[in-house]
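In: Quick check, what structure comes out for this input:
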Amino acid sequence: MFREGTCPKCHEKIQVPDDREKILCMYCGEEILVARALKETPKKADAAAYEENRVRALKGLQEVIQTCQKPMQDFRRDRYEGLFDAFYTSHRSVFEAMEYIWQAAEEPEDWLREMVEHTIDTVKEDLSSYKSKGQRNQRLLDHNFRVSVYLIPAVRKYPAKVSEPFADQLIVSWNDTFGTTLGKATYDEINSGFRRKLCYITTAVCQELGKGADCRELRLLKNYRDQYLDTTPEGHALVEEYYNIAPTIVKRIDRQPDRSRIYGQIYRDYLLPCIRKIEERDYEACGAGYEKMVLELKARFMSETGCPSDSKKGA
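Out: Below you'll find the predicted structure:
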């Protein structure tokens, strides 16, 4: 038996069978719940399931924020896959609950807004527990990393209708609220990113010192650049400046007869202090050191002659 209903996606009139829980709209191809098409009030048992899934989804999103502890630790090529798989598996039930409500809600956009606002409010509450501005900023960097490297990619991996709308809305609201520039990446994009974005100066230094292409120093600084520094407008501008000048700086250093000494000074005076600050989770101080490196190397090696003065200290 068929009854007339309305597709909640394209709002076309459709014929809905009584004996099905889900159907595909013949106009837009969207998979929809029969109850939503018929705008029926859920039965008591369904209402209980609705609330159970709603609570599970909101609690799960809250736990993602509250359990954010040193997310940059062990973020490396040989460990990210395992860490991401563990995150995805442990939160899959949360994504299932998110999709259940998305399909069952009369106004799914309201549910989307509730999830995003709940996530943002949880972050705000967490940040308020830190006394100093520096501590709050460092904690926010941890949340930026957790959301952009684990939560968003995991949500997008889950095959559901809610995945992309949630990822889009969370990124927009997050950046508006915290003044960041987080992007919406997939797991594959992040995982393949280990092989992209050459860190010119650090790579040149490590090669000169006989370190490998995937040495610890490179991993730490690349992760800091991509997942922390590049997520704020100021940091992004600094990274862009770095990429504008770094290739030229490396070429000019390579022409110097004492290139080994220069690269050793860069390692000692700039890279090591930055690495120590990353290890101490003093990300603001690392950012200041990164900026100092960019500005001083630019002043030294980007002159008209391109020749450094031996009387100047540093890299």
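In: all strands in the chain, in order from the N-terminus.
Out: Using DSSP state E, the strands assigned to the chain run over residues 2-6, 13-17, 22-24, 31-33.
In: Report all helices and strands that the third one contacts.
Out: Helices and strands touching strand 22-24, as assessed by 3 or more C-beta pairs under 8 Å, 6 or more residues apart in numbering; DSSP states H and E, comprise strand 13-17, strand 31-33, helix 34-38. Bear in mind the C-beta positions are built from the backbone N, C-alpha and C, glycine included.
In: Figure out which of these is closest to residue 83.
Out: Evaluated over the helices and strands packed on strand 22-24, closeness to residue 83 peaks at strand 31-33, with 31.7 Å, by C-beta to C-beta.
In: what sits up against the closest one?
Out: With contact meaning C-beta atoms under 8 Å, 6 or more residues apart in numbering, strand 31-33 is reached by 7-9, 21-25, 103-104, 161.
In: average pLDDT across that strand?
Out: For strand 31-33, mean pLDDT rounds to 80.
In: For that strand, buried residues please.
Out: 32-33 (16 or more other C-beta atoms under 10 Å).
In: Could you do stretch 134-150 as well?
Out: If you call a residue buried by 16+ other C-beta under 10 Å, then stretch 134-150 has these buried ones: 138-150.
In: tell me, what residue is most central in the protein?
Out: For the chain, the residue nearest the mean C-alpha position is residue 148 (1.4 Å; C-alpha atoms, centre = their mean).
In: Contacts only, for that residue.
Out: Contacts for residue 148 (C-beta under 8 Å, 6+ apart) come out as 182-183, 185, 227, 231.
In: what's the spacing between it and residue 138?
Out: Applying C-beta to C-beta, to the nearest Å, the value for residue 148 to residue 138 is 16 Å.
In: Run the chain-centre distance for stretch 151-165.
Out: Relative to the chain's own centre, stretch 151-165 is displaced by 13 Å; criterion: C-alpha atoms, centre = their mean, to the nearest Å.
In: pLDDT on it, on average?
Out: On average, stretch 151-165 scores 94.
In: and what of stretch 256-273?
Out: Stretch 256-273 carries an average pLDDT of 90.
In: so how far is it from its chain's centroid?
Out: Relative to where its chain is centred, stretch 256-273 has its mean C-alpha point 32 Å off (C-alpha atoms, centre = their mean).
In: buried ones in it?
Out: Under 16+ other C-beta under 10 Å, the buried positions of stretch 256-273 are 256, 262-263, 265-267, 269-271, 273.
In: Quick check: the farthest pair among the residues you listed?
Out: Counting by C-beta to C-beta, the most remote pair of the buried residues of stretch 256-273 is 256 and 273, 22.8 Å apart.
In: tell me the domain ranges of this structure?
Out: 1-40, 41-190, 197-301 (automatic domain parsing).
In: ok, which stretches of this structure are helices?
Out: For the chain, the helices defined by DSSP state H cover 34-38, 44-66, 77-104, 108-128, 133-146, 152-157, 163-178, 187-192, 200-208, 216-227, 233-254, 259-266, 272-279, 283-301.
In: Can you tell me which of the contacts of strand 31-33 is nearest residue 116?
Out: Nearest member of the contacts of strand 31-33 to residue 116, counting by C-beta to C-beta, is residue 161, at 16.0 Å.
In: measure residue 207 to residue 263 for me?
Out: Counting by C-beta to C-beta - residue 207 and residue 263 are separated by 9 Å.
In: Next: residue 178.
Out: Taking C-beta to C-beta, one finds residue 178 at 37 Å from residue 263.
In: which secondary structure elements does the lowest-mean-pLDDT helix or strand in the chain contact?
Out: One helix or strand of the chain scores below all others by mean pLDDT, DSSP states H and E: helix 34-38, with a mean of 75. Packed against helix 34-38 by the contact rule (3+ C-beta pairs under 8 Å, 6+ apart) you find strand 2-6, strand 13-17, strand 22-24, helix 77-104.
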